[in-house]
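**Q** below is the sequence, then the predicted model.
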Amino acid sequence: VLMSNMKPLAQHPLPVQTGYIMGINYCLGLQPRLLTFEGDALTKMLHDALKIAESRDTPERSPTNLVVENNLACINLLSTAIGCREFLESTNQNLQDLQGRIIRLFLRTLLFKHKDLVQAAKNGLYQFTVHQRLRREMLQESLRDVLVALTDFKSLSVDLLEGVASFLKLLASSFNVELGQKLMEHLEKFANVIPRSTRNQPAPSNWKDVEKEIQVAAALINVFHLLPPQANQFLPRFVRAVVQLEELHLRTVASPYRVAAARYLNTFPQETLDFFLCPQQLSQPRFADLFVDVLGRDISGKLRECMGSNAEKLVEVCFGVHIQSNNVMVNDSTAVGTRLSFLGVQLVRILSKHSPSWLGEQALVFDCLMQLWRSPARQARTENESAMPLSALREGKLLSKCLLVYWECHPSQVAILYEVLKALLVR
């Protein structure tokens, strides 16, 4: 009765609008439900709230708090309504048209700057997709402006790419591989276009523009792990583009791209190992450094698990040891350089640090480590410590840690401790 006698929401001041909408939202969310869709009162209220939200259907840069609160109240009410089975299953054409407009509003709101509005729209879309699949035509119509913007390299922005990421988190199955192809082309353009300004060491006044472009490139990389499974085909091009960006921007120690790249590579662990775990890639420092960094990150659990199950491949590539079909171990360590063997120690240390029991089960890996520990070449390097490169100093430290991890799993093998103690005899 109260809603049927109310003036249209737009005729009230903003605080009053917000209060009415929040009250209706509370009542609509109660169980058993106080409000139903019988009659036109609730439908009229939803239409009013939708009109208000649609009137601000552009991402404002600095909306006032009152506007944000009002907009948030409208979207929350529409989100609650879209979760009502009575509303979703209605055969009333008016309610079905209202559903379509609400979903389009939610999709467009994902591009807004205000995080609370984006989260409210995500909640509404989730409520809808739990009950039924989003129609492809509705998605294409709602995202037409976004998809057009994505076709133009110069139109890319952090906000646009974060919006695309929000779409993919909710609706990845609704997109095809063509979106990934377009994003891959843009990433390769960044790798080739941005460095022109950085090569010439721009004046401080230009660094803001360069930094902004780097932020856009980082946001673009962060979208790839959300793409459908077919996105694994981009992995070689993706890695090369990331490495090129880091090299040309001199950003390797504190690279803004590593975390986002790790998310993508961890999504496709087997493809990542197939690409990196070969002498051609690991012999190149920029690829090897990226792989070691990504493997050691907390978010790379699936990649480490896959790496742990490929121990034979690891010792073959890094230590020159492989197992023949008759289970005979063939050692060709002379074909493996010092850098690859040190890289193998780094990889084993990362795996043993995150999963000590893994190394305890890898007798083959332990034999390779022990052979390297006792090798005359390493002994010769340690005898002239002042002339040793930093990598050689780290090699002994990482090796000893790996050996101690293995001993902790097999405490009866006291000989391992005596081997490690030999390091203290070197002056």
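**A** Noted; the coordinates are in hand.
**Q** neighbours of Thr109, how many?
**A** A total of 26 residues lie near Thr109 under the criterion other Cβ atoms under 10 Å. Heads up, the C-betas are built off the backbone N, CA and C, glycines and all.
**Q** which residues does it contact?
**A** Listed by Cβ atoms under 8 Å, 6 or more residues apart in numbering, the contact partners of Thr109 are Ala53, Asp57, Ile75, Leu117, Val118, Ala120, Ala121.
**Q** if you set the cut-off to 6 Å instead, what comes out?
**A** By Cβ atoms under 6 Å, 6 or more residues apart in numbering, the contact list for Thr109 reads Leu117, Ala121.
**Q** next one: Trp215 from Val321, what distance?
**A** You called it Trp, but residue 215 is Gln. For Gln215, the distance to Val321 (Cβ to Cβ, to the nearest Å) stands at 45 Å.
**Q** repeat for Ala165
**A** 43 Å.
**Q** what is the burial count for Leu160?
**A** When neighbours are defined as other Cβ under 10 Å, Leu160 has 19 of them.
**Q** Gln215 and Val321: which has the busier surroundings?
**A** Taking neighbours as other Cβ under 10 Å, Gln215 and Val321 compare with Val321 leading, 22 against 14.
**Q** centre of the chain versus stretch 29-40, how much separation?
**A** Remark: stretch 29-40 is offset 41 Å from the chain centroid, using Cα atoms, centre = their mean, to the nearest Å.
**Q** list the buried residues for that stretch?
**A** Neighbour counts over stretch 29-40 (16 or more other Cβ atoms under 10 Å) mark Gly29, Leu35, Phe37 as buried.
**Q** any idea how far the first one is from Cys84?
**A** This points to Gly29. Noted for Gly29: a distance of 9 Å to Cys84, by Cβ to Cβ.
**Q** and what of the last one?
**A** Here Phe37 is placed at a distance of 7 Å from Cys84 (Cβ to Cβ).
**Q** what does the second one give?
**A** As judged by Cβ to Cβ, Leu35 and Cys84 stand 9 Å apart.
**Q** tell me the confidence at Ser155?
**A** Note for Ser155: predicted pLDDT of 81.
**Q** how many residues are close by it?
**A** By the criterion of other Cβ under 10 Å, Ser155 has 10 neighbours.
**Q** quick check: mean pLDDT of stretch 10-18?
**A** On average, stretch 10-18 scores 86.
**Q** and the strands in the chain?
**A** Using DSSP state E, the strands of the chain run over 321-323, 329-331.
**Q** least confident of these, on average?
**A** Among these, strand 329-331 scores lowest, with a mean of 55.
**Q** ok, Val365 - contacts?
**A** The contact partners of Val365, by Cβ under 6 Å, 6+ apart, come to Ala311, Val348.
**Q** contacting residues for Cys402?
**A** By Cβ under 6 Å, 6+ apart, the contact set of Cys402 is Val348, Arg349, Ser352, Leu369.
**Q** could you identify which of these has the most neighbours?
**A** Result: Val348 is most packed of those (other Cβ under 10 Å), 29 neighbours.
**Q** separation between that one and Leu78?
**A** If you go by Cβ to Cβ, the gap between Val348 and Leu78 works out to 54 Å.
**Q** how about Gly163?
**A** 19 Å.
**Q** cool, Ile102 as well?
**A** Distance of Ile102 to Leu78, given as Cβ to Cβ: 5 Å.
**Q** looking at those two, which has the bigger crowd around it?
**A** More crowded of Ile102 and Leu78, by other Cβ under 10 Å: Leu78, with 28 against 24.
**Q** hang on, isn't that one packed against Arg104?
**A** No: contact status for Leu78 versus Arg104: not in contact, 11.2 Å apart, counting by Cβ atoms under 6 Å.
**Q** mind showing which ranges of the chain have poor pLDDT?
**A** Scanning the chain for pLDDT under 70 picks out the ranges 1-6, 56-63, 131-140, 142-143, 145, 193-209, 252, 323-337, 384-392, 425-427.
**Q** next, the buried residues of the helix ranked longest in it.
**A** Longest helix in the chain, counting residues (DSSP state H): helix 390-409. Using 16+ other Cβ under 10 Å as the test for burial, helix 390-409 gives 392, 395-396, 398-403, 405-407, 409.
**Q** the helices in the stretch 151-300 of the chain, which residues?
**A** For the stretch 151-300 of the chain, the helices defined by DSSP state H, counting those that start in this stretch occupy 158-171, 177-193, 195-199, 204-221, 235-249, 258-267, 269-276, 279-282, 285-295.
**Q** tell me which of the ones you listed is the most buried.
**A** Counting by mean count of other Cβ atoms under 10 Å, helix 258-267 has the highest mean neighbour count of the helices of the stretch 151-300 of the chain, with a mean of 21.
**Q** gap between that one and the chain center?
**A** Here helix 258-267 is found 5 Å from its chain centre; the criterion is Cα atoms, centre = their mean.
**Q** mind giving me the packing neighbours of it?
**A** Packing partners of helix 258-267 (3 or more Cβ pairs under 6 Å, 6 or more residues apart in numbering; DSSP states H and E): helix 285-295.
**Q** export only the CA atoms of the helix it packs on, formatted as PDB.
**A** C-alpha atoms of helix 285-295 as PDB (Å, rounded to 0.1, in the frame of the first residue of the first chain):
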ATOM      1  CA  PRO A 285      69.400 -15.800 -18.700                       C
ATOM      2  CA  ARG A 286      66.300 -13.700 -19.300                       C
ATOM      3  CA  PHE A 287      64.000 -16.700 -19.800                       C
ATOM      4  CA  ALA A 288      65.700 -18.700 -16.900                       C
ATOM      5  CA  ASP A 289      65.400 -15.800 -14.500                       C
ATOM      6  CA  LEU A 290      61.700 -15.400 -15.300                       C
ATOM      7  CA  PHE A 291      61.100 -19.100 -14.800                       C
ATOM      8  CA  VAL A 292      62.900 -19.300 -11.500                       C
ATOM      9  CA  ASP A 293      61.100 -16.200 -10.200                       C
ATOM     10  CA  VAL A 294      57.600 -17.500 -11.200                       C
ATOM     11  CA  LEU A 295      58.200 -21.000  -9.800                       C
END
